[in-house]
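Peer 1: structure of the sequence below:
(one chain, ligands or ions: 1)
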Amino acid sequence: MADKKAQLIIEGAAPVELPILTGTVGPDVIDVRGLTVTGRFTFDPGFMSTASCESKITYIDGDNGILLHRGYPIEQLAEKSDYLETCYLLLNGELPTADQKAQFVSTVKNHTMVHEQLKTFFNGFRRDAHPMAVMCGVVGALSAFYHDSLDIKNPQHREISAIRLVAKMPTLAAMVYKYSMGQPMMYPRNDLSYAENFLHMMFNTPCEIKPISPVLAKAMDRIFILHADHEQNASTSTVRLAGSSGANPFACIAAGIAALWGPAHGGANEAVLSMLDEIGDVSNIDKYIAKAKDKNDPFKLMGFGHRVYKNRDPRATVMKQTCDEVLKELGITNDPQLELAMRLEEIALTDPYFIERSLYPNVDFYSGIILKAIGIPTSMFTVIFALARTVGWISHWKEMLSSPYKIGRPRQLYTGYESRDIPKLEDRK
Ligand code: SDX
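Peer 2: The predicted structure is shown next:
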């Protein structure tokens, strides 16, 4: 992979040759590991131009709006696959055969229950706690229940932990919701598909078991697929960094959930709905576009912009199609928030400020409108994102641990005081 070289010329020092590595597709990278001989570091806050690792899981071409999972375009996975099949693909590198798929689905189904004692864990939270706060706690707590599979150097332990996390996230997410509602928590059912089971645990009660709408189950499954993985985003990088210290998988995923919660990342789906509520009416759009452009105003157009996509986020396109399908199937015509969102997109995408900065709708812009139509409260939106992204996080965790790795430990540019002596208390001014 390293047949080209970069030469670094530093005044007064011998030139430094740095290998250029080439992937199968996408930008080359300059391997700066040899830079330590110069006694200098690279400096790249926010990792705007840094590749943190080598990976075979997901490829994003931001300029052309392309997203591939193990080489398969997200549009094809959303159209022709389902979430558990996509989980198998991300975890194992290939789509399953019919037998492999049946086996995988059966294995996941047999791990959907959580330890009965975990229910009492919820009682430590206020009923009005933000669902993401509870998710951080209960997922981290899983470490306390699975002592039989915490040896991260053991491939079988890594495999069973991955299965347990994919299988239990819907159960935990639904428990978080039920706890906030003061309703009894529902057990998973093995006769339902992954998405049906989640909606069953969310919206059924022991008093009444209603059949799950196939339309809503398909939309839910599609939303899971669209959120499954996205290369080295902030939360995935957090999981990799936590994993590099040897932390157990449940602790690593809890760290990923915490990172995802921020409104600049996975918390944006919840923030989009709050923003649309704040804008309220099409007549206010111009005022909010002006706020988004005003450098002195912290307001940003939530659901717009992306570090990598400088073209449309392909997931947003599929999400918008799904949004139209779900609202039509549910007989929801002229949904005011959808109308407002579409007008906002239309106006923003004609404004030079957004065009010059390539700010397009991202995955979070339309997802909230579908989730709301399915009946999921806004406060649960990022929990859904965390549920779906768990397979991506754990796939990257497995990939990192499956070959030699080092603990992540960035350096810094220090601009603080040089060494100085402590003055006596009476001499301090
Ligand atoms: C996700 O990384 C991933 O892959 C994430 C994700 C995944 O699947 O894991 O795709 C999921 O997190 C999607 C993003 C969700 N976040 C939002 O929708 C929040 C709103 N978006 C912004 O906060 C922002 O666009 C980011 C955080 C998404 C990207 O920020 P960058 O790459 O650091 O870009 P930037 O902040 O430097 O912006 C560049 C310019 C700036 O203006 P100038 O200084 O050049 O004048 O664009 C402006 C920004 O002010 N800008 C926006 C804007 N986003 C960027 N201006 C108004 N509204 C916005 N939304």
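Peer 1: for S367, give its distance to the ligand.
Peer 2: 10 Å (CB to the nearest ligand atom, to the nearest Å). Every residue, glycine included, has its C-beta placed from N, CA and C.
Peer 1: whoops, I mixed them up, Y309
Peer 2: For Y309, the distance to the ligand - CB to the nearest ligand atom - is 8 Å.
Peer 1: now that residue: closest residue in space, sequence neighbours ignored.
Peer 2: G62 (4.7 Å; CB to CB, 6 or more residues apart in numbering).
Peer 1: for that neighbour, give me its contacts.
Peer 2: Taking CB atoms under 8 Å, 6 or more residues apart in numbering, we find G62 in contact with H306, V308, Y309, K310, N311.
Peer 1: repeat for E85
Peer 2: Going by CB under 8 Å, 6+ apart, the list of residues near E85 reads L95, P96, K101.
Peer 1: and the pLDDT at it?
Peer 2: Confidence at E85, expressed as pLDDT, is 98.
Peer 1: tell me the residue of the chain that sits nearest the ligand?
Peer 2: At 2.3 Å from the ligand, G305 is the closest residue in the chain, using CB to the nearest ligand atom.
Peer 1: so what does K5 look like in phi/psi?
Peer 2: Main-chain dihedrals, K5, degrees, to the nearest 10: phi -130, psi 150.
Peer 1: got the contact list for it?
Peer 2: E17, L18, P19, I20.
Peer 1: partner residues bridging the last one?
Peer 2: Beta-bridge partners recorded for I20 (DSSP bridges): K4, I30.
Peer 1: run through the residues of the stretch 1-150 of the chain sitting next to the ligand.
Peer 2: Within the stretch 1-150 of the chain, no position is near the ligand by CB under 6 Å from any ligand atom.
Peer 1: pLDDT weak spots in the stretch 1-150 of the chain?
Peer 2: 1-2 (pLDDT under 70).
Peer 1: now do 80
Peer 2: The model of the stretch 1-150 of the chain has pLDDT under 80 over residues 1-3.
Peer 1: now do the strands in it.
Peer 2: 4-8, 16-21, 29-30, 58-61, 66-69, 72-73 (DSSP state E, counting those that start in this stretch).
Peer 1: tell me which of those strands sits most buried.
Peer 2: Highest mean neighbour count among those (mean count of other CB atoms under 10 Å): strand 66-69, with a mean of 21.
Peer 1: partner strands of that one, with direction?
Peer 2: strand 58-61 (antiparallel), strand 72-73 (antiparallel).
Peer 1: contacts for the longest one, please.
Peer 2: If you take CB under 8 Å, 6+ apart as the criterion, strand 58-61 is touched by 25-26, 66-71, 90, 229-231, 308-309, 392.
Peer 1: filter those down to the buried ones, PyMOL style.
Peer 2: In PyMOL syntax, the buried subset of the contacts of strand 58-61 is picked out as below (16 or more other CB atoms under 10 Å):
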select buried, resi 66+67+68+69+70+90+229+230+231+308+309+392
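Peer 1: of the contacts of strand 58-61, which is the nearest to P206?
Peer 2: Nearest to P206, judged by CB to CB, of the contacts of strand 58-61 is G392 at 33.6 Å.
Peer 1: the closest one: what's its closest spatial neighbour, skipping adjacent residues?
Peer 2: D229 (2.9 Å).
Peer 1: how many neighbours does the residue nearest to F145 when sequence neighbours are not counted have?
Peer 2: Excluding the flanking residues, the one nearest F145 by CB to CB, 6+ apart is H115, at 4.6 Å. Applying other CB atoms under 10 Å, we find 13 residues neighbouring H115.
Peer 1: likewise the one 5 residues further on?
Peer 2: Each residue near T120 was counted by other CB under 10 Å, and the total is 8.
Peer 1: filter the contacts of E85 down to the buried ones and hand me the PyMOL line.
Peer 2: Command for PyMOL that selects the buried part of the contacts of E85, burial taken from 16+ other CB under 10 Å:
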select buried, resi 95+96
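Peer 1: can you list which of the contacts of E85 are found in helices?
Peer 2: Among these, the members found in helices (DSSP state H) are K101.
Peer 1: list the buried residues for stretch 95-106?
Peer 2: By 16+ other CB under 10 Å, the buried positions in stretch 95-106 come out as L95, P96, F104, V105.
Peer 1: D151 and E159 touch, don't they?
Peer 2: No. Using CB atoms under 8 Å, D151 is not in contact with E159, being 11.8 Å away.
Peer 1: for the stretch 301-429 of the chain, what lies in contact range of the ligand?
Peer 2: Within the stretch 301-429 of the chain, the positions lying close to the ligand (CB under 6 Å from any ligand atom) are 301-308, 357, 359, 362-364.
Peer 1: most neighbours out of the residues you listed, which is it?
Peer 2: When these are compared by neighbour count (other CB under 10 Å), D364 ends up highest, at 29 neighbours.
Peer 1: ok, it - contacts?
Peer 2: Shown in contact with D364 (CB under 8 Å, 6+ apart): G266, A268, N269, A271, V272, M302, G303.
Peer 1: in which helix or strand would I find it?
Peer 2: Using DSSP states H and E, D364 maps to helix 363-374.
Peer 1: helix or strand right after that helix?
Peer 2: helix 381-401.
Peer 1: burial measure for the closest residue to S274 other than its chain neighbours, as a count.
Peer 2: Excluding its sequence neighbours, the residue lying closest to S274 (CB to CB, 6+ apart) is T378, at 7.1 Å. Counted with other CB under 10 Å, the neighbours of T378 add up to 16.
Peer 1: could you number the chain from 312 rather than 1 from now on?
Peer 2: Fine by me, first position is 312 from now on; the one you just mentioned is T689.
Peer 1: cool, thanks, talk later.
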